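A.B. asks: The amino acid sequence is not available; the structure is as follows:
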């Protein structure tokens, strides 16, 4: 079983930056695709970004391309989400995810087996 714990959320002004972190435990995550989803109030949960086992491959939602960057440190079982040029539309609960299947499966389905509890990001205008 995999446990994921997010941190780094908070309140930031529009145009600002935040970096989210997610630490995994329970088993090695170096062979898991890892990523982030978000859910705003009254909205469906949406895919944000994902990275392959090695971190060499990444995938982003169109809404965050060029502003967000996902990275990972397998020695620390940690995945990061650097968020820049934030807007009020980025306000949401952000969830860390992990999945043991191949990168192509995660990239095409955006289905992940393991989810964290979430961390809140609020962007004020």
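C.D. replies: Right, received. Where do you want to start? Keep in mind the model is a prediction, meaning the values are calculated, not measured.
A.B. asks: now the residue nearest in space to the middle of the chain: how far from residue 72?
C.D. replies: In the chain, the centroid-proximal residue (Cα atoms, centre = their mean) is residue 36; its distance is 2.1 Å. Computed with Cβ to Cβ, to the nearest Å, the distance linking residue 36 and residue 72 is 11 Å. Where C-beta positions appear, they are placed from N, C-alpha and C, glycine not excepted.
A.B. asks: Now the common contact residues for the two.
C.D. replies: Contact criterion Cβ atoms under 8 Å, 6 or more residues apart in numbering; residues shared by residue 36 and residue 72: residue 79.
A.B. asks: If the residue nearest to the centre of the chain is in a bridge, with which residues?
C.D. replies: With DSSP bridges as the criterion, residue 36 is bridged to residue 49, residue 96.
A.B. asks: Isn't it up against residue 92?
C.D. replies: No: the criterion here is Cβ atoms under 8 Å, and residue 36 misses it with residue 92 at 10.3 Å.
A.B. asks: What are the contacting residues of the worst-scoring helix or strand of the chain on mean pLDDT?
C.D. replies: In the chain, no helix or strand scores lower on mean pLDDT, DSSP states H and E than helix 103-109, which sits at a mean of 92. With contacts defined as Cβ under 8 Å, 6+ apart, helix 103-109 is touched by 33, 35, 50, 52-53, 57, 59, 99, 111-112.
A.B. asks: repeat for stretch 21-30
C.D. replies: With Cβ under 8 Å, 6+ apart as the criterion, stretch 21-30 contacts 1-8, 32, 34, 36, 53, 74, 76-81, 96, 98, 114, 116.
A.B. asks: In ChimeraX, how would I select just the buried ones from those?
C.D. replies: Remark: buried members of the contacts of stretch 21-30, expressed as a ChimeraX selection using 16 or more other Cβ atoms under 10 Å:
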select :2,4,6,8,32,34,36,53,74,77,78,79,80,81,96,98,114,116
